[in-house]
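Visitor: Got a predicted model here, sequence first, then my questions.
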Amino acid sequence: DGGITQSPKYLFRKEGQNVTLSCEQNLNHDAMYWYRQDPGQGLRLIYYSQIVNDFQKGDIAEGYSVSREKKESFPLTVTSAQKNPTAFYLCASILATGQMNTEAFFGQGTRLTVV
Amino acid sequence: AQKITQTQPGMFVQEKEAVTLDCTYDTSDPSYGLFWYKQPSSGEMIFLIYQGSYDQQNATEGRYSLNFQKARKSANLVISASQLGDSAMYFCAMREIRGANSKLTFGKGITLSVRP
C-alpha cells in the first residue's frame, strides 16, 4: 500500500545532541513538508521541498536542517541550535504536478522529547 | 501577518446538531486552494474537504460542507448532524504556489467537543 512513513514514533534526545527524523513516501509525490506541532500553536512549517536537491525554509526553519537526495525521502535534522525542540513533528507530501486540489498526505508523526 | 486565522476557542456542540468552524485567510494570489483537516487524539491528520479559489460552488463531502466567501476571505467548515466521533482538532490550511514550489500553511486549529 502507498503511504508516508515517519520513524521513529517516539524519540528521546539529550540536550546538545543532533537527531534526525525519518520521512519516506512511496506515493511518487513531488512535494514534501515538515511541520512542528505544539499545543495551541497549530502546525508550523519548518521546511518544504518540491524537487530533489532543492528545498525552501518555512516559517520556523532556525535550528533545523533537511536534505532531499531522493524523491521519496525527506529527513529532518533537529540540531543542538534548536532551543526548544520538544514537540510533535509531522511530515506530509503532495502530488504537486500543477493541480491545486490534491490533498496532502501525512505520516503518523514523531514525538520528540529532550531529556 | 498570519496566513490562516482560526480564532474560536474550544467549540462544543450537541450530538446530531450542526456546527460551524471559522477560518479566514490572507493571500494576494488569485489562485489558491483551501483545505480542512481533522486530527483526533491519536494524532493522525485526516483530509476532509477542499475548496479552490476559482470554484463557483461551495464544496461538499458527505456531512461536511464549506461556506466559501471569497470577498471576505473566509472558508468556514460546516459539520451537519454531529457525531461523537467528530470530537477532534480541526485545521484549516491554504496552498499557494511560490515559483516552482507549493507552500501549504495551516492555522492554529479549533478543538471541537461533541456532547451526547
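Guide: Received the coordinates, thanks.

Visitor: What distance do you get for B:Ala81 to B:Arg98?
Guide: 39 Å (Cβ to Cβ, to the nearest Å). Every C-beta, even on glycine, is put in place using the N, C-alpha and C of the backbone.

Visitor: Which positions in chain B make contact with chain A?
Guide: Contacts of chain B with chain A, taken as Cβ under 8 Å from any Cβ of the partner chain, map to B:6, B:31-33, B:35, B:43-45, B:47, B:50, B:52-53, B:91, B:93, B:95, B:97-98, B:100-109.

Visitor: List buried members of those by neighbour count.
Guide: When those are checked for burial by 16 or more other Cβ atoms under 10 Å in any protein chain shown, the buried set is B:6, B:32-33, B:35, B:43, B:45, B:47, B:50, B:52-53, B:91, B:93, B:95, B:97, B:101-109.

Visitor: quick one: which of those residues sit in strands?
Guide: B:33, B:35, B:47, B:50, B:52, B:91, B:93, B:95, B:97, B:101-106 (DSSP state E).

Visitor: Nearest to the middle of chain A, which residue? Look it up for me.
Guide: Nearest residue to the geometric centre of chain A (Cα atoms, centre = their mean): A:Trp34, 2.7 Å.

Visitor: secondary structure element for the residue nearest to that residue when sequence neighbours are not counted?
Guide: Residue nearest to A:Trp34 in three dimensions, not counting chain neighbours: A:Ile46, with 4.3 Å by Cβ to Cβ, 6 or more residues apart in numbering or on different chains. Using DSSP states H and E, A:Ile46 sits in strand A:42-49.
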